[in-house]
Each structure stands twice: as structure tokens, then as C-alpha cells.
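Q: Sequence first, then the predicted structure, then my questions.
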Amino acid sequence: MLKRTFTLIGLYLSTTIALIPCSMAKEFDLPEIGTAASTTLTIDQEIEYGDAYMRMLRGSSPIINDPVLNEYLNNLGHRLVANASDVKTPFQFFLIQDRNINAFAFFGGHVALYSGLFLHAQSESELASVLAHEIAHVTQRHLARSMEEQAKRSPLTMAALAGSVLLAIAAPQAGIAAVTATAAGSIQGKINYTRSNEKEADRIGISTLSKAGFDVSAMPRFFGRLAEQYRYASTPPPMLLTHPLPEDRIADTRARAESYPKKTASPSFSYQLARARIVARYAGLENKAALSWLTRKEKKADLASKAAFEYGKTLVYMDNKELDKARPILEKLISSDPQNLFYIDAISDLYIESREASKATVLLEKALIISPSNPVLMINHANSLMKQHRYEEAVKILQRYTHDNPEDLNGWRLLSESNIHIGNEDEDLAARAELLALQADWNKAIQYYTKASQITELGSLKQARYDARIDELMVQRERFAAFQ
């Protein structure tokens with residue numbers, strides 16, 4: 001179901017917008033943004049829509065909530081954003097567990113990559129080229145511009161068009177039905193507009209790649225390899241359905257890349273570690289298949305990259321409860337690079353699984369001296385304390401963690417669990433309410449906060465905090481109701 005949904009919205013959510021009939025768009029009683037002749041959405045409206053879509057995705061799709069991978073991807077993404085032009089929104093990068101090759105962007109700077117991309121992108125520059133392309137779609141406001149173009153050709157308001165995007169996310173079957181019912185003439189007009197946006201995103205993306213210090217030839221190289229690999233495929237990957245790769249587009253990116261000074265980006269060890277982690281845990285491979293892939297890559301890798309594939313193998317061993325195989329490799333790796341977050345995270349998990357949580361705590365506390373606010377270290381530290389039944393200490397860390405990382409489901413889940421163990425029912429309810437709100441379950445979130453307010457001390461600061469949060473959630477619920 002997820003694959004079919006994102007085949008529709010993919011990178012190019014606007015394609016679906018053009019294809020949703022008016023009768024379906026009316027199902028969404030969105031706030032009036034303007035008539036068909038009005039200007040495009042404001043930045044604030046884009047951010048509001050993006051937040052709504054993101055909450056729906058959290059509640060319905062297999063988003064990878066892995067602090068190590070999230071930190072890697074956001075560091076990479078924000079390196080590109082720092083070198084992009086016309087940035088008007090904050091950016092959030094996230095991974096979806098799906099072995100298909102795809103990526104997409106939508107309102108408010110949200111950019112998603114499928115985990116399958118890591119199986120096909122052979123370098124960090126190739127992965128960055130996909131991200132840079134998506135970032136360009138956001139900075140150039142292609143989705144809003146596409147909606148504006150479509151509004152000129154139809155009686156739909158901007159609000160109805162925005163609602164049709166939500167329809168594709170929330171009800172993919174309805175979206176597919178709408179596609180099959182679309183008139184051919186309308187499709188042709190939209191295809192031309194789509195190609196224009198794709199080329200613009202390529203052009204701007206290559207510029208961003210160059211400014212950020214990546215190999216600009218990575219974009220045509222990745223695109224060309226992808227097109228060649230699936231040239232005769234009866235079922236191409238979603239990325240080729242949402243990112244058409246005609247020969248003229250590949251040739252254009254190649255020519256643009258050649259106009260830049262040749263620059264060979266340094267190999268990224270972090271990318272190889274992230275890739276190994278994806279293969280071990282999020283590529284949909286059985287343990288034997290993952291080990292086979294990692295072993296083949298290790299044999300062909302240069303000396304500097306071999307450690308990444310060794311690391312990947314330790315994750316497979318740990319997930320298969322073969323801790324005795326993982327331990328010597330991880331101990332060797334971390335002794336060679338003691339501040340490496342991939343290694344620290346893995347060996348902390350190994351210690352916890354081996355009932356040596358105190359070892360993990362010592363290791364993490366040493367690392368936190370150097371990086372006291374690092375999310376990977378903080379969440380692992382809290383987890384190690386919980387495994388030792390030191391729940392009060394864990395709560396203090398998690399309160400700070402959720403304040404700094406309010407959209408990370410992991411922090412709220414651990415905070416809820418810790419509060420349950422020490423009998424803080426109201427704080428457990430509050431943490432669970434935040435989890436529900438992040439997944440757009442507003443009614444239940446408000447119910448949980450209401451109960452928390454009722455059982456806490458009357459007139460206390462804590463009750464005032466809960467009541468204030470209830471008011472905020474009610475406002476957010478009303479805004480969100482406009483999207484349904």
C-alpha cells in the first residue's frame with residue numbers, strides 16, 4: 001500500500017493534484033485560500049500543510065526512527081541546505097523503510113528517501129545528488145507553483161487542490177481511481193510542466209552540490225546508471241515513475257556537470273557506515289542475504305572502507321543474537337575510533353543485550369563529556385539507565401531530550417516507559433499524548449492530557465502546564481480538521 005501511495009505522490013506530488021477530480025477534492029473542507037485566479041500559497045501555509053502531511057505519514061507509513069541514521073541524514077541534508085539558494089523554510093529529512101528506489105519532497109521542507117536508495121547509490125555524492133534535487137523542488141516551490149498552474153485550468157481553489165494531495169496520502173486507492181479517470185488532455189499539459197520542474201531541479205541541484213563540495217558528476221552518473229538498469233523493465237522502480245529520466249534530461253545534467261571545475265569529493269566513511277546499517281536492518285533482506293551482501297562489498301572495498309562492512313556484519317550478528325561473533329569485531333572497531341557514533345551505539349546495545357548495561361553507561365558518559373547534547377548519545381544513555389532500573393535519572397535525561405527533539409517518537413516512548421516504572425501516571429499520560437499528537441490522533445492526545453490534568457494536584461504548576469497544552473492541541477486539532 002505504501003509503495004502505491006508514493007508512486008502517486010512521489011517526488012512529484014503535483015502530478016496527483018492534477019488528476020484528482022473535483023468531487024473528491026470537495027471531501028476536504030479546507031480553509032479558503034483563494035479562488036482559481038489567486039496567487040500561490042504563502043510560505044506559512046506551506047509549512048502548515050507540510051506539518052499536517054508529516055503527522056499523517058508518521059501514523060501510516062514505516063518511517064525509520066533510528067537516531068543514528070537520522071543524525072547522518074540530517075547532517076548531510078543540512079550541509080546541502082546551507083549551500084542552497086532561496087531557502088525559505090526549515091528542512092526535515094527522513095527515511096522510509098522500503099527497498100524500492102525513490103525520494104520525494106513536499107510542503108514545509110520535508111524530504112524523504114527510501115532506504116532502497118542506499119543499495120543503489122554507490123557514493124555519498126550520488127546520494128547527495130538525489131537530496132539536492134529534492135531540496136531544489138522545495139526552494140523553487142514547485143508544488144505550490146504546480147497548484148497555481150492547475151488552478152488556472154480548473155475551477156478548483158488552492159484549498160481543494162491542497163486537499164487532493166492529502167487524499168493521495170490518506171487514501172491511496174481513491175487517488176489511483178482518480179488517475180484512471182483523468183482526461184488525456186489534462187495529463188499532457190501537466191507532463192510538460194513536470195519536465196520543466198525536473199530540469200530546473202537538476203540545474204539548481206547541481207549548483208548546490210558544487211557549492212557543498214560534492215562531485216557534481218555524481219548526478220548524471222547515478223541517473224544514467226538507473227535509466228540503463230531499468231530501460232527494459234516491465235515494472236520500473238517508483239523513482240522512475242515519479243522522476244522520468246528521458247535521454248535528453250540525462251544528457252542535460254551531464255553537460256551541466258561538465259561545465260563545473262572537476263572536483264573529486266573525498267570518500268565518505270560515514271556514508272559507508274550508514275549504508276551498512278541500512279543493509280543490515282532496513283533493506284528488507286534476510287540475515288543471510290544481508291551478510292552475503294556485506295561480505296561481497298568488504299572483499300572489494302579499499303582498506304579504509306572495510307571497517308564499515310565489518311560494522312554492518314556485527315549488526316546482523318546482534319539481531320540474530322550471535323553476540324559472541326559481534327563483540328570482538330565491535331571492540332576492535334571502537335578501539336580504533338572511540339568517538340564514532342555508529343560504533344558507540346552498536347556496542348552500547350551489545351552491552352545491554354549481554355546484561356552489562358553499566359558498561360554501556362560508562363562508555364556513554366565519557367562520550368557525553370565531549371558531546372553533551374548529542375541526540376544519539378543522549379537516547380542511548382537514557383536507555384542504558386533504564387536497563388539498570390535507574391528510571392528517575394533516565395526521566396531527567398529524556399525530559400531534556402524531548403524538549404530538544406520534540407518530533408522524535410523514540411524519546412516520548414522511553415519517557416512514557418520510565419514514568420510508568422516510577423509511578424508517575426500523569427507524566428506517562430502526557431508523554432503518550434505527545435506521541436499521539438505527532439501522529440495526528442488529536443482526540444486521544446487531548447483525552448490523555450485531560451486525564452493527566454485531573455489526577456495531578458489541583459492548582460499546581462504541573463496542572464497549569466497540562467491545561468495549557470490541552471488548549472494548544474485543541475487549536476491544532478481545529479487546524480488539522482480543515483484537511484479532512
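A: All right, it came through fine.

Q: can you give me the strands in the stretch 101-250 of the chain?
A: 103-106, 110-114 (DSSP state E, counting those that start in this stretch).

Q: Adding mean pLDDT, mean neighbour count and distance to residue 339, write these out as a markdown table.
A: Placement of C-beta: from N, CA and C, glycine included. Shown next, in a markdown table, are the strands of the stretch 101-250 of the chain (pLDDT from 0 to 100; neighbours: other CB atoms under 10 Å; distance: least, CB to CB, whole Å):
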| stretch | mean pLDDT | mean neighbour count | distance to residue 339 |
| --- | --- | --- | --- |
| strand 103-106 | 86 | 24 | 30 |
| strand 110-114 | 92 | 25 | 26 |
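
Q: CSV for these, including distance to residue 93?
A: Shown next, in CSV, are these (distance: least, CB to CB, whole Å):
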stretch, distance to residue 93
strand 103-106, 10
strand 110-114, 5
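
Q: what's the closest of the ones you listed to residue 251?
A: strand 103-106 (21.7 Å; CB to CB).

Q: Which of the strands of the stretch 101-250 of the chain sits closest to residue 338?
A: Comparing the strands of the stretch 101-250 of the chain against residue 338 with CB to CB, the closest turns out to be strand 110-114 (29.5 Å).

Q: residues in contact with the closest one?
A: The contact list for strand 110-114, computed with CB atoms under 8 Å, 6 or more residues apart in numbering, reads 6, 50, 53-54, 57, 73, 77, 91-96, 98-105, 127, 130-131, 134-135, 138, 238-239.

Q: hmm, 7 Å instead?
A: 50, 54, 77, 91-96, 98, 100-105, 130-131, 134-135, 138 (CB atoms under 7 Å, 6 or more residues apart in numbering).

Q: Among these, name the buried ones.
A: Among the contacts of strand 110-114, the ones that count as buried by 16 or more other CB atoms under 10 Å are 50, 54, 77, 91-96, 98, 100-105, 130-131, 134-135, 138.

Q: Which ones among the residues you listed map onto helices?
A: Among the buried ones among the contacts of strand 110-114, DSSP state H puts 50, 54, 77, 130, 131, 134, 135, 138 in helices.

Q: Could you pull up the mean pLDDT of the one helix or strand residue 413 maps to?
A: Using DSSP states H and E, residue 413 sits in helix 409-421. Average pLDDT, helix 409-421: 98.

Q: Can you list the helices and strands that that helix packs against?
A: helix 375-387, helix 391-404, helix 425-438 (3 or more CB pairs under 7 Å, 6 or more residues apart in numbering; DSSP states H and E).

Q: how about the residue nearest the centre of the chain, what does it touch?
A: In the chain, the centroid-proximal residue (CA atoms, centre = their mean) is residue 94; its distance is 1.1 Å. By CB under 7 Å, 6+ apart, the residues touching residue 94 are 63, 112.

Q: Quick check: bridge partners of it?
A: residue 112 (DSSP bridges).

Q: separation between it and residue 306?
A: According to CB to CB, to the nearest Å, residue 94 stands 29 Å off from residue 306.

Q: Please look at residue 81 and residue 135 and confirm they touch.
A: Yes: between residue 81 and residue 135 there is a contact at 6.1 Å, judged by CB atoms under 7 Å.

Q: What are the phi and psi values at the spatially closest residue to residue 202 that is not a sequence neighbour?
A: Nearest non-adjacent residue to residue 202, counting by CB to CB, 6 or more residues apart in numbering: residue 253, 5.0 Å away. For residue 253, the backbone dihedrals (degrees, to the nearest 10) come out as phi -70, psi -40.

Q: for the one 10 residues further on, same thing?
A: Main-chain dihedrals, residue 263, degrees, to the nearest 10: phi -140, psi 120.

Q: burial of it, as a residue count?
A: For residue 263, the neighbour count with other CB atoms under 10 Å is 13.

Q: same question, residue 373
A: Neighbour tally, residue 373, other CB under 10 Å: 11.

Q: same check, this time on residue 375
A: 20.

Q: How about residue 310?
A: 18.

Q: tell me the contacts of it?
A: Taking CB under 7 Å, 6+ apart as the test, what residue 310 contacts is 298, 329, 333.

Q: Assign it to helix, strand or coil.
A: helix (DSSP: H, G, I helix; E, B strand; the rest coil).

Q: Model confidence score at it, please.
A: So, for residue 310, pLDDT stands at 97.

Q: so residue 470 makes contact with residue 448?
A: No: counting by CB under 7 Å, residue 470 stays clear of residue 448, with 9.8 Å between them.

Q: The two: who's more crowded?
A: A direct count of neighbours by other CB under 10 Å for residue 470 and residue 448 places residue 448 higher, at 25 against 19.

Q: where does the more buried one land on pLDDT?
A: At residue 448, pLDDT is 98.

Q: can you tell me the helix or strand for it?
A: Counting by DSSP H and E, residue 448 is part of helix 442-455.

Q: Report the distance from that helix to the chain centre.
A: Distance, stretch centre to chain centre, for helix 442-455: 29 Å (CA atoms, centre = their mean, to the nearest Å).

Q: what's the answer for stretch 137-150, then?
A: So, by CA atoms, centre = their mean, the centroid of stretch 137-150 is 21 Å from its chain's centroid.

Q: the strands in the stretch 251-400 of the chain, which residues?
A: Under DSSP E, counting those that start in this stretch, the stretch 251-400 of the chain gives no strands.

Q: Just the residues contacting the helix holding residue 413, thanks.
A: With CB under 7 Å, 6+ apart, helix 409-421 has contacts from 65, 67, 379, 382-383, 386, 391, 394-395, 398-399, 401-402, 405, 427-428, 431-432, 434-435, 438.

Q: Take the helices and strands packed on helix 409-421 and lay them out in a markdown table including mean pLDDT and distance to residue 365.
A: Listed next are the helices and strands packed on helix 409-421 as a markdown table, based on pLDDT from 0 to 100; distance: least, CB to CB, whole Å:
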| stretch | mean pLDDT | distance to residue 365 |
| --- | --- | --- |
| helix 375-387 | 98 | 7 |
| helix 391-404 | 98 | 11 |
| helix 425-438 | 97 | 24 |
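
Q: Include distance to residue 203 when you put these into a markdown table, please.
A: What follows is these, written out as a markdown table (distance: least, CB to CB, whole Å):
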| stretch | distance to residue 203 |
| --- | --- |
| helix 375-387 | 34 |
| helix 391-404 | 37 |
| helix 425-438 | 36 |
